[in-house]
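**Student:** Using only what follows, build the 3D model:
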Amino acid sequence: MNIRSFEIPTVMKHGLGSVKSLAEQARALGMKKPLLVTDPGIVQAGILEQTAAPLKAAKMDFAVFDSVAANPPIGLIDRAAAFYTQEQCDGIIGLGGGSSMDTAKSVGVVVSNGGSILDYEWADPQPIKQRIPPTICIPTTAGTGSEVTLWAVITDPERKIKFNVGGTPLIGAWVALLDPELTFNLPPAVTAGTGMDALAHAVECYTSAYAQPMSDSVALLAMEYVARYLRVAFAQGHNAEARMMMSHAAMLAGLSYGTESAGAAHAMSQSAGGVHNVPHGALTARLLGPVMEYNFKGEPERFARIALALGEDTRGLSLWQAAEKAVEAVIRLTEELEIPSLQALGFSQDEIPMLAQIAFDDPQTIGNPRDMDVKGYEKIYRRAFELGAGTP
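**Tutor:** Got it, this is the predicted structure:
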């Protein structure tokens with residue numbers, strides 16, 4: 001018997017200026033002294049001050065851990081968890097991009113379950129036994145969807161890999177608070193990379209072996225929103241409609257994961273991100289088109305449907321021609337958004353055999369819609385370098 005499930009433990013609240021309700025949201029969850037988890041860039045941009053203002057106005061005590069780094073390593077998570085305990089906190093507020101929200105959720109895993117975050121690398125049976133404390137995630141980018149995913153991605157510097165924690169509602173944030181105003185000042189390059197990451201979540205989850213009706217529905221709508229609004233958000237950072245719809249796109253794409261995984265693009269970017277510390281969104285974006293080009297033969301009907309979601313005209317085309325339209329649309333979007341090449345991100349073609357092997361070893365390979373081996377990953381990497389040749 002094969003029983004599938006789809007669970008959403010997170011309450012989603014959204015709207016321009018909604019961060020002003022943070023104290024109200026925190027108190028509703030029973031928080032008296034939350035730990036606010038963020039990164040130095042958020043502090044420098046004034047977003048921490050903006051977010052903490054409602055807490056101060058409500059005279060709510062809170063502690064701040066503002067040392068989150070991109071691609072957070074094991075030691076950082078464990079330090080933040082120790083700080084939570086030291087400060088006698090009773091809830092967590094994750095503020096920032098995927099790294100800050102993943103750190104917040106991972107801190108919750110450690111303080112509720114004990115030990116080190118390394119003890120909770122995804123495995124069967126599930127090592128997480130207790131739900132994280134009351135947690136609010138506030139995204140300041142529109143990409144990872146970590147505010148609603150049931151996963152966190154942690155870097156292990158010793159193994160030079162990233163590993164997954166989660167796959168259970170026990171790690172899900174209690175509340176996701178989406179305020180698109182917090183994304184207005186994102187640089188175009190960050191808007192592009194994070195938006196393409198959202199698209200990759202939607203495309204991979206829609207075509208994965210784990211796809212099911214609930215995940216299909218949110219994935220397709222996420223694709224439509226990205227296709228319509230990402231270019232606008234890239235070109236007009238303060239366009240409220242574009243920022244709002246991209247926030248929704250990231251959230252919907254995050255939901256499309258469910259308790260399961262994506263596919264080859266994330267297996268590649270997650271593993272390669274442990275080799276070179278580069279922005280996850282840009283790396284995933286640069287790999288998505290070549291992965292789709294490799295994969296469309298496995299699920300042509302689904303790729304043809306992606307083409308429609310991305311706004312492509314498939315009238316009069318065969319199934320295979322329509323499926324290829326989806327690939328072409330994503331490769332074109334990657335170039336229009338000026339995503340840096342693998343070469344510009346610091347990778348070299350000499351690394352392809354190693355990168356292919358660690359991608360194959362990543363558990364997200366399992367859900368890929370086309371049979372995959374190390375040679376397949378090598379082929380995709382060669383194509384990604386080829387497409388990036390001459391790109392700044």
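
**Student:** From now on I want contacts and neighbour counts done on CA atoms only, so please keep to that.
**Tutor:** Noted.

**Student:** what packs against the helix or strand hosting Met12?
**Tutor:** For Met12, the host element (DSSP states H and E) is strand 11-14. In this structure, strand 11-14 makes packing contacts with strand 175-178, judged by 3 or more C-alpha pairs under 8 Å, 6 or more residues apart in numbering; DSSP states H and E.

**Student:** now for the strand it packs on, which elements pack on it?
**Tutor:** strand 11-14, strand 135-139.

**Student:** what's the average pLDDT for the longest one?
**Tutor:** Which is strand 135-139. Computed over strand 135-139, the mean pLDDT rounds to 98.

**Student:** That strand pairs with which strands, parallel or anti?
**Tutor:** strand 91-96 (parallel), strand 175-178 (parallel) (DSSP bridges).

**Student:** Which of those strands sits closest to Pro279?
**Tutor:** strand 91-96 (14.1 Å; C-alpha to C-alpha).

**Student:** Just the residues contacting the closest one, thanks.
**Tutor:** 31-39, 42, 48, 100-101, 103-105, 108, 133-141 (C-alpha atoms under 8 Å, 6 or more residues apart in numbering).

**Student:** swap in stretch 27-46?
**Tutor:** Residues from elsewhere that reach stretch 27-46, judged by C-alpha under 8 Å, 6+ apart: 26, 48-49, 60-69, 84, 88-96, 100-101, 103-104, 134.

**Student:** and it, how far apart are its ends?
**Tutor:** 24 Å (C-alpha to C-alpha, to the nearest Å).

**Student:** Could you verify my assumption that His276 touches Gly346?
**Tutor:** Yes. With contact defined as C-alpha atoms under 8 Å, His276 reaches Gly346; the gap is 7.2 Å.

**Student:** Can you give me the neighbour number for the nearest residue to Asp313 once chain neighbours are set aside?
**Tutor:** Nearest non-adjacent residue to Asp313, counting by C-alpha to C-alpha, 6 or more residues apart in numbering: Ala307, 7.8 Å away. Burial of Ala307 is recorded as 24 neighbouring residues (other C-alpha atoms under 10 Å).

**Student:** so what's Ala307 scoring on pLDDT?
**Tutor:** Per-residue pLDDT puts Ala307 at 98.

**Student:** one step back: just so I know, which of the strands paired with strand 135-139 lies nearest Ile331?
**Tutor:** strand 91-96 (28.1 Å).

**Student:** Show the average pLDDT along that closest one.
**Tutor:** For strand 91-96, the mean pLDDT works out to 98.

**Student:** Doesn't Glu158 belong to a strand?
**Tutor:** No. Counting by DSSP: H, G, I helix; E, B strand; the rest coil, Glu158 is not found in a strand; it is coil.

**Student:** ok, and for the strand holding Met12, which residues are buried?
**Tutor:** Residues 12, 14 are the ones in strand 11-14 that count as buried (16 or more other C-alpha atoms under 10 Å).

**Student:** what's the answer for stretch 315-323, then?
**Tutor:** Applying a neighbour-count criterion of 16+ other C-alpha under 10 Å, one finds 319, 322-323 buried in stretch 315-323.

**Student:** now the end-to-end length of that stretch.
**Tutor:** End-to-end for stretch 315-323, by C-alpha to C-alpha: 12 Å.

**Student:** Likewise for stretch 329-344?
**Tutor:** First-to-last residue span, stretch 329-344, C-alpha to C-alpha: 22 Å.

**Student:** What sits closest to Pro134 if chain neighbours are left out?
**Tutor:** Closest to Pro134 by C-alpha to C-alpha, 6+ apart is Gly91, at 4.9 Å.

**Student:** other SSEs contacting the helix or strand of the chain with the lowest mean pLDDT?
**Tutor:** When each helix and strand of the chain is scored by mean pLDDT, DSSP states H and E, strand 161-166 comes last, with a mean of 90. Other elements packing on strand 161-166 under the criterion 3+ C-alpha pairs under 8 Å, 6+ apart are strand 151-156, helix 264-272.

**Student:** re the thing from before, quick one: distance of the helix or strand the residue nearest to Asp313 falls within to the chain centre.
**Tutor:** Using DSSP H and E, the element containing Ala307 is helix 300-309. Distance of helix 300-309 from the chain centroid (C-alpha atoms, centre = their mean, to the nearest Å) equals 22 Å.

**Student:** swap in stretch 53-71?
**Tutor:** Its chain's average C-alpha position is 22 Å from that of stretch 53-71, according to C-alpha atoms, centre = their mean.

**Student:** got it, and stretch 188-202?
**Tutor:** With C-alpha atoms, centre = their mean, you get 9 Å for stretch 188-202.

**Student:** low-confidence ranges in the stretch 1-150 of the chain?
**Tutor:** 1 (pLDDT under 70).

**Student:** Same question for Arg315, what's its three-state structure.
**Tutor:** coil.

**Student:** pLDDT score for it?
**Tutor:** The per-residue pLDDT of Arg315 was computed as 97.

**Student:** cool, the one 5 residues further on as well?
**Tutor:** The predicted local confidence for Trp320 comes out at a pLDDT of 98.

**Student:** measure the nearest residue to it once chain neighbours are set aside to Met292 for me?
**Tutor:** Nearest residue to Trp320, sequence neighbours excluded (C-alpha to C-alpha, 6+ apart): Pro300, at 6.3 Å. Using C-alpha to C-alpha, one obtains 11 Å as the distance from Pro300 to Met292.

**Student:** Same drill for these two, tell me which one is more crowded.
**Tutor:** Legend: neighbour count by other C-alpha under 10 Å for Pro300 and Met292, higher for Met292 (27 against 18).

**Student:** still on that earlier bit, give the contact list for the residue nearest to Trp320.
**Tutor:** Applying C-alpha under 8 Å, 6+ apart, we find Pro300 in contact with 319-320, 323.

**Student:** same thing with Pro139?
**Tutor:** If a contact means C-alpha under 8 Å, 6+ apart, then Pro139 has 94-98, 101, 145-147, 177-179, 182 as its contacts.
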